[in-house]
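>>> take a look and give me a structure for this.
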Amino acid sequence: MKRGAQPWRKATHGRLEVYYRDADMPWVEVAAAYWEQRLEGLSQVASSRYTLVHRGKIAVGGHCYYFKRFLLRTRRDWLKNVLRGSRAMRTARHEDRLQALGFTVPRTYCVIQERWAGLVGQSALITAACDGATPLRHWLMQPVWQQRTLTYKRAMLKALATEVGHMHRLGVCHGDLHVGNILLQSRNGRLSFIWLDNEHTTQFRVLPLRKRLRNLKRLNAWRYGITHTDRLRFWRAYCATAQIPPQARKALARTIIALTPKKKSATVLPVMTACGVESQREYDP
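Alright, predicted model coming up:
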C-alpha cells in the first residue's frame, strides 16, 4: 500500500495488521493499545450505525486524534474485504487519490486490520483531528450575525461550488457528499475544505450522470443559512467549473429536484433555484 511516493510498512501483532509510514512507526503500539482497549483518555463521539468513533489526545503526537473502527455489517463484508480490501483500507486508498488530485483530506497515521483464519474482519483508521476547521453543517446553522460578513459567506459558497465542480470535472464522485462531511477552513484569508468519509469515493474517466446526480441530490438536502441569491450564485459557479453546457443546466436542476424525495421538513441546497423551483427533503446526516 502506498501514499503518494511514500510506501506504507506493515507490522503484525497477533491477529492485527498495522499499516504505517516510516515517520509514524510509534503509532504501531498506539494502534495495538487502541484495538485492545488499553488506550486511556478516549471519548466516544456520534457516528453511523456500523462504526465506532473515539476522540482523544495521545502523548505520541501531543494533539487530538480520531479513532474510527469499521464494524462488519453483514456476512458479505467478509467477501468484500477479500475482493476490495477492508473498509479502512479502501478509505485510505481513496483519500490518497483525492490528495494526489489536490483535495484536502484528514492526515492518516495508521490503518488497522484484524484477521481471522486469514480473512480480514473489522478494521480501523487513526487520523488527525482537523483543529481550526469547522463542520460546514454547523457553520451554516449559526445565526447570520455569527457567519462573519455577507461577502465572506458568498465567497465560501462560491469556493465550495468551485471545488465540487472541479471534483466532478476530474471524474470524482464523493461517496457520501453532504454538508456534514465537509469541514471549512480559513487561513490567511484563504478558504479551503477538508473532505471526510471517503470510503466510497471513486474516480471515473468521465463522471457518469447518475453519480453526479447522487452527489447533487445529497447536497440538495440542505437549506439553512442560504438565501435564494446564494443558491443562484452556487449553481452558476458549479456549472461553470464542472463545464455544464448552458443549455443543459435547467434540465439538470429539474432532474435533481425530481430525484429529491419531498417531505414535510424541507431542506434545499443552493442548486435548485437556478430554474426557479424549490424542492423539500428531510436532511439525513
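>>> quick check: the gap between the nearest residue to M141 once chain neighbours are set aside and P7.
Spatial nearest neighbour of M141, chain neighbours left out: Y224 (5.4 Å); criterion: CB to CB, 6 or more residues apart in numbering. (C-beta placed from N, C-alpha, C; glycine too.) Distance, Y224 to P7, using CB to CB, to the nearest Å: 44 Å.
>>> again, but for V45
From V45 across to P7, the span is 31 Å (CB to CB).
>>> got the buried residues for the helix or strand D230 falls within?
Element membership for D230, per DSSP states H and E: helix 228-242. Neighbour-count burial for helix 228-242 flags D230, R231, L232, R233, F234, W235, R236, A237, Y238, C239, T241, A242 (criterion: 16 or more other CB atoms under 10 Å).
>>> the residue nearest to M141 and L216, how far apart?
Counting by CB to CB - Y224 and L216 are separated by 18 Å.
>>> Q203 too?
The value you get for Q203 to L216, if CB to CB is used, is 17 Å.
>>> geometric centre of this structure: which residue is closest?
With distances taken as CA atoms, centre = their mean, the residue of the chain nearest its centroid is L196 (2.3 Å).
>>> before we move on, back to that, tell me which of Q203 and L216 has more neighbours.
A direct count of neighbours by other CB atoms under 10 Å for Q203 and L216 places L216 higher, at 24 against 15.
>>> could you find the closest non-adjacent residue to that one?
In space, L216 is closest to I256, 5.0 Å off (CB to CB, 6+ apart).
>>> and the helix or strand containing that neighbour, which residues are buried?
Take DSSP H and E as the rule and I256 turns out to sit in helix 246-259. Within helix 246-259, the residues scored as buried using 16+ other CB under 10 Å are R249, L252, A253, T255, I256, I257.
>>> would you format those residues as a markdown table with pLDDT and distance to R15 included?
Putting these into a markdown table (pLDDT from 0 to 100; distance: CB to CB, whole Å) gives the following:
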| residue | pLDDT | distance to R15 |
| --- | --- | --- |
| R249 | 95 | 53 |
| L252 | 94 | 49 |
| A253 | 91 | 51 |
| T255 | 92 | 48 |
| I256 | 86 | 46 |
| I257 | 79 | 49 |
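>>> can you tell me which of those is nearest T104?
For T104, the closest of those turns out to be I256, at 26.0 Å, with distances computed as CB to CB.
>>> now that closest one: how far from A161?
I256 is 14 Å from A161, by CB to CB.
>>> over to A221?
Taking CB to CB, one finds A221 at 16 Å from A161.
>>> what of R205?
23 Å.
>>> who's more crowded, these two?
A side-by-side neighbour count of R205 and A161, using other CB under 10 Å, places A161 first with 23 against 5.
>>> quick one: buried residues of stretch 70-85?
F70, L71, L72, D77, K80, N81, G85.
>>> just how off-centre is that stretch within its chain?
20 Å (CA atoms, centre = their mean, to the nearest Å).
>>> ok, stretch 50-61 next?
That offset, for stretch 50-61, works out to 18 Å (CA atoms, centre = their mean).
>>> output it as PDB, restricted to C-alpha atoms.
Taking C-alpha atoms only, stretch 50-61 is exported to PDB below (Å, rounded to 0.1, in the frame of the first residue of the first chain):
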ATOM      1  CA  TYR A  50     -21.700   0.400  11.800                       C
ATOM      2  CA  THR A  51     -18.800   2.500  13.000                       C
ATOM      3  CA  LEU A  52     -17.400   3.300  16.400                       C
ATOM      4  CA  VAL A  53     -15.600   6.700  16.600                       C
ATOM      5  CA  HIS A  54     -13.500   7.900  19.500                       C
ATOM      6  CA  ARG A  55     -11.500  11.100  20.000                       C
ATOM      7  CA  GLY A  56      -8.700  11.800  22.400                       C
ATOM      8  CA  LYS A  57      -5.300  13.400  23.000                       C
ATOM      9  CA  ILE A  58      -2.400  11.000  22.600                       C
ATOM     10  CA  ALA A  59       1.100  11.500  24.100                       C
ATOM     11  CA  VAL A  60       2.800  10.300  20.900                       C
ATOM     12  CA  GLY A  61       1.800  13.300  18.900                       C
END
